[in-house]
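prediction below, plus the sequence it came from.
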Amino acid sequence: MISCREATLAIIKKEERKISFSERIKLALHLMICSFCKFFEKQNKFLSVNIKNISSEEPLSGAEQEEMDKKLNELSK
């Protein structure tokens, strides 16, 4: 069994590149029992997807900011 620290590192690594089969199995087993890491995985995925869509030169509009706040609040429930 891997620790939460190892699981969060694997989650981050998984977003950047493919992880090995054994890492996927260990992570899957950990996520089955750890709700905190499962929540971290959801948050990390959400941020990764949305950061790719945001241009660093353009600030978020009020509506975009509200939409992101709404989605983050939904994930935390």
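Everything's here; your move. Given the structure is predicted, the values throughout are model-derived calculations rather than measurements.

where are the low-confidence patches of this protein?
For the chain, applying pLDDT under 70 flags the ranges 55-57, 77.

buried residues of the lengthiest helix in it, list them for me.
Secondary structure assigned by DSSP state H gives helix 35-53 as the longest helix of the chain. By 16 or more other C-beta atoms under 10 Å, the buried positions in helix 35-53 come out as C37, F40, E41. In this view, the C-beta of every residue, glycine as well, is placed from N, C-alpha and C.

now the helices for the chain?
Under DSSP H, the chain gives helices at 4-16, 21-33, 35-53, 62-75.

list the residues that contact the residue nearest in space to the middle of the chain.
Nearest to the geometric centre of the chain sits N44, at 1.6 Å (C-alpha atoms, centre = their mean). Neighbour list for N44: I11, I12, E15 [criterion: C-beta atoms under 8 Å, 6 or more residues apart in numbering].
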